[in-house]
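Enquirer: got a sequence here, can you build the structure:
(6 chains)
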Number of protein chains: 6
Amino acid sequence: MLYITRREHFSASHTLKNDSLSESENEQLFGKCNSFHGHNYYLEITIKGEADPKSGYVMDLKNLKEILHEKIVNKVDHKYLNEIELFKDINPTTENMAVVFWNELKDVLKGELYELYAVKLFETEKNSVIYKGNE
Amino acid sequence: MLYITRREHFSASHTLKNDSLSESENEQLFGKCNSFHGHNYYLEITIKGEADPKSGYVMDLKNLKEILHEKIVNKVDHKYLNEIELFKDINPTTENMAVVFWNELKDVLKGELYELYAVKLFETEKNSVIYKGNE
Amino acid sequence: MLYITRREHFSASHTLKNDSLSESENEQLFGKCNSFHGHNYYLEITIKGEADPKSGYVMDLKNLKEILHEKIVNKVDHKYLNEIELFKDINPTTENMAVVFWNELKDVLKGELYELYAVKLFETEKNSVIYKGNE
Amino acid sequence: MLYITRREHFSASHTLKNDSLSESENEQLFGKCNSFHGHNYYLEITIKGEADPKSGYVMDLKNLKEILHEKIVNKVDHKYLNEIELFKDINPTTENMAVVFWNELKDVLKGELYELYAVKLFETEKNSVIYKGNE
Amino acid sequence: MLYITRREHFSASHTLKNDSLSESENEQLFGKCNSFHGHNYYLEITIKGEADPKSGYVMDLKNLKEILHEKIVNKVDHKYLNEIELFKDINPTTENMAVVFWNELKDVLKGELYELYAVKLFETEKNSVIYKGNE
Amino acid sequence: MLYITRREHFSASHTLKNDSLSESENEQLFGKCNSFHGHNYYLEITIKGEADPKSGYVMDLKNLKEILHEKIVNKVDHKYLNEIELFKDINPTTENMAVVFWNELKDVLKGELYELYAVKLFETEKNSVIYKGNE
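Expert: Down below sits the predicted model:
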């Protein structure tokens, strides 16, 4: 089995908070992450599949790049995540972001020979999350 | 399923040797690694679990950072590994270090919704080991 | 001559704008950078000097780390730069940030044998600025 | 279970094309990758196994390095991939390269306590492929 | 004085050879670099200047990015360097490439408050060249 | 003017101490660096010069690599720095190491068209030193 990965980058700001909690509860739960701050995010999308005998590709990474820009990067780059449509009513933790991105991508990245396998998101070079929606 | 990873760093020295072998056998078995030398290690700890609906976190990475410093980094950073308690009677190869770190962490990193999934240790940027103690 | 460099990291958000311009002029001048967004910044501080014969150090990098945390990192990490004291009435472009950091550091990093040489700030891995205030 | 990984590097050139297609079909299928171009490739070989009680190693990474140079790096470094024996009649996409490297290595990297687990190949820092021939 | 740097990336192939030498002289002079091979190049362009009081920028890095794509990246990415116009009669060593890029950029990157300062080119992560045409 | 840089890597251990001080004075002066510990060092050697018209090289980086291995890497890799000839009576701080390496290299890296310009040494990815012996 083959796994192909494409890495993309975006810069965004966010505030971690649970809207059903009070201000002081949010401060206690999220600490410094409850402030308005931001990150350079790295997004790594992995597709699992077989190589197409004609092209020798699982999927053309130039197409994957375009899909990722259309479906994700253009919506989040240089944005305040708490105020965009993708994260309406969703606290933009790295975990929730990975799940939202999976749901945006899983149908468009399904072909005869391949499917979405994993969404990995680095918030910093020390902190990252992987979501595998089929497990 | 979600996997979250935290990366930490420490610098340490070690000598690879099997105490039940002679000096020349150790030299033959370990080559240049039988000399007293050192590394900048990178440790990546991965937790597997579900996001807590209240916080949107699998686990607060600020807590994970503190646990890793208390349980691992403070014990090994700027130390001679062969002489510390964690590696008593254990040859500090990268493989054995990963297993020792797993055993130090597996109980403290067990919650209702998450558990330790993998310990990855880079000895250099070219050489690394992963230990998955539950496989 | 010796140059020593210490690298630090912080995450922050900002909005690029010139307060003396209208909203549409700011949009035209700064494009997507006029939105609320954020970055993982890397700050590299370089000190120029001679090695102290007693220690063999130009300056103890553990001390430099503490100074950088007290003077810079603690004030900007997980903050909205436009609203903190350091950037009062200053548009937080990477250029202006480097100059502000230089001014915060130049007196405290002046010793008998060394002085501040350069402030380098990476906004992303592709975009960076160096300020040498003595040139 | 333990997984050890060794990273190697080589620089090579290639042209993506399917010899059973016409020139214009190849241009349409492969776009700019149908031109003569090249890359700095990073190859990461992962072995799965148990630590040998005598050495504390799954496998001596110095031996693994030698095997990778003999079996792969020496054959592809500073070469035009389309014209070397390894890729005779094979379109050198990253996917096909990973499969070819797996087949070169799987027998020589089989021991009593370990076996080849994965071949990962980075064509650029944004594009990579993993092949797991036993899945 | 401020220095701003923008990093760009391209993949290309080349053959090092001096057309006035024989084939065997070229083989002896350039060794394995006399073969047709390729690299992922990283290009770092540094501009020296003062910050514009209106924008707080030395130069808008989004404009610099566009200029670098138009003048350099689009001409070399996924190309065989020996056969493109930029390197007509020029042996594409990293040194010569840096000089050619300087000459392409020095006039277009000259403003009232800034000018081109340095062209840095990484052929691999271990090998790089800087050209400062004004020294 | 052209500057070419070659990066090399070695792993070593050291203890920072001034032999003319007492044990407790050394502990106070060097803190945790007074313990036996180690690092993965990265060494970057920069040569300044003009391109040779015949080769288009300032210096063949393959030759530079060999010289660096013979003069430096082979003497320090997998060694305890305090006990090797190069650092006899010298406290192996990063500063002192850079000066020692400069002195080892300055004569052998002097040609008609080029000379040694700078020795940069990374002790960790956050801490580095540059020595320019001609300033």
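Enquirer: quick one: low-confidence parts of chain A?
Expert: By pLDDT under 70, chain A contains no weakly predicted segment.
Enquirer: does the lengthiest helix in chain A come close to chain C?
Expert: Counting residues, the longest helix found in chain A (DSSP state H) is helix A:94-105. No: Helix A:94-105 lies out of reach of chain C by CB under 8 Å from any CB of the partner chain, never closer than 12.3 Å. For the C-beta atoms, the positions are set from N, CA and C on the backbone; glycine is no exception.
Enquirer: buried residues, that helix. List them.
Expert: If you call a residue buried by 16 or more other CB atoms under 10 Å in any protein chain shown, then helix A:94-105 has these buried ones: A:94-102, A:104-105.
Enquirer: do you know how far the closest residue to A:Thr93 other than its chain neighbours is from chain E?
Expert: Nearest residue to A:Thr93 in three dimensions, chain neighbours excluded: B:Gly56, at 3.8 Å (CB to CB, 6 or more residues apart in numbering or on different chains). B:Gly56 sits 33 Å away from chain E, going by CB to the nearest CB, to the nearest Å.
Enquirer: B:Gly56 - how many residues pack around it?
Expert: 21 (other CB atoms under 10 Å in any protein chain shown).
Enquirer: doesn't A:Ala98 make contact with it?
Expert: No: look at B:Gly56 against A:Ala98 with CB atoms under 8 Å: they stay out of range, at 10.9 Å.
Enquirer: ok so, going back, next, the residue nearest to A:Thr93: secondary structure please.
Expert: With DSSP: H, G, I helix; E, B strand; the rest coil as the basis, the three-state label of B:Gly56 is coil.
Enquirer: check contacts around it.
Expert: Counting by CB atoms under 8 Å, 6 or more residues apart in numbering or on different chains, B:Gly56 makes contact with A:16, A:18, A:90-91, A:93, A:95-96.
Enquirer: what two of those are the furthest from one another?
Expert: Farthest-apart pair in these is A:Asn18 and A:Glu95; separation 13.3 Å (CB to CB).
Enquirer: roughly how far is stretch A:50-58 from the heart of the chain?
Expert: Remark: stretch A:50-58 is offset 26 Å from the chain centroid, using CA atoms, centre = their mean, to the nearest Å.
Enquirer: again, but for stretch A:34-42
Expert: Relative to its parent chain, stretch A:34-42 has a centroid offset of 14 Å by CA atoms, centre = their mean.
Enquirer: how about stretch A:122-130?
Expert: How far stretch A:122-130 lies from its chain's middle: 11 Å, per CA atoms, centre = their mean.
Enquirer: got the CA coordinates for that stretch in PDB?
Expert: In PDB, the C-alpha atoms belonging to stretch A:122-130 read as follows (Å, rounded to 0.1, in the frame of the first residue of the first chain):
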ATOM      1  CA  PHE A 122       1.400  21.300  13.300                       C
ATOM      2  CA  GLU A 123       0.500  24.300  15.400                       C
ATOM      3  CA  THR A 124       4.100  24.800  16.300                       C
ATOM      4  CA  GLU A 125       7.100  22.700  15.500                       C
ATOM      5  CA  LYS A 126       6.700  21.100  19.000                       C
ATOM      6  CA  ASN A 127       2.900  20.500  19.000                       C
ATOM      7  CA  SER A 128       1.000  18.500  16.400                       C
ATOM      8  CA  VAL A 129      -2.200  16.500  15.900                       C
ATOM      9  CA  ILE A 130      -3.100  13.700  13.600                       C
END
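Enquirer: mind listing what's buried in it?
Expert: Under the neighbour-count criterion of 16+ other CB under 10 Å, stretch A:122-130 has A:122-124, A:126-130 buried.
Enquirer: which residues sit in contact with A:Ala12?
Expert: Each residue near A:Ala12 by CB under 8 Å, 6+ apart is listed here: A:38-39, A:41, A:76-81, C:37-38.
Enquirer: name the residues of the host helix or strand of A:Ser11 that are buried.
Expert: Assigned by DSSP states H and E, A:Ser11 falls within strand A:2-14. Going by neighbour count (16+ other CB under 10 Å), the buried part of strand A:2-14 is A:2-8, A:10-14.
Enquirer: and the furthest pair within those residues?
Expert: Taking CB to CB as the measure, the buried residues of strand A:2-14 span a maximum distance of 36.4 Å, between A:Leu2 and A:Ser13.
Enquirer: what segments of chain A are strands?
Expert: A:2-14, A:37-49, A:79-80, A:114-122, A:127-131 (DSSP state E).
Enquirer: the second one vs chain B: in contact?
Expert: Right, the one you point to is strand A:37-49. No: Strand A:37-49 stays clear of chain B (CB under 8 Å from any CB), getting no nearer than 12.1 Å.
Enquirer: report the angle between that strand and strand A:114-122.
Expert: Orientation note: strand A:37-49 sits at an angle of 160 degrees relative to strand A:114-122 (axes from the mean of the first three to the mean of the last three CA atoms, to 10 degrees).
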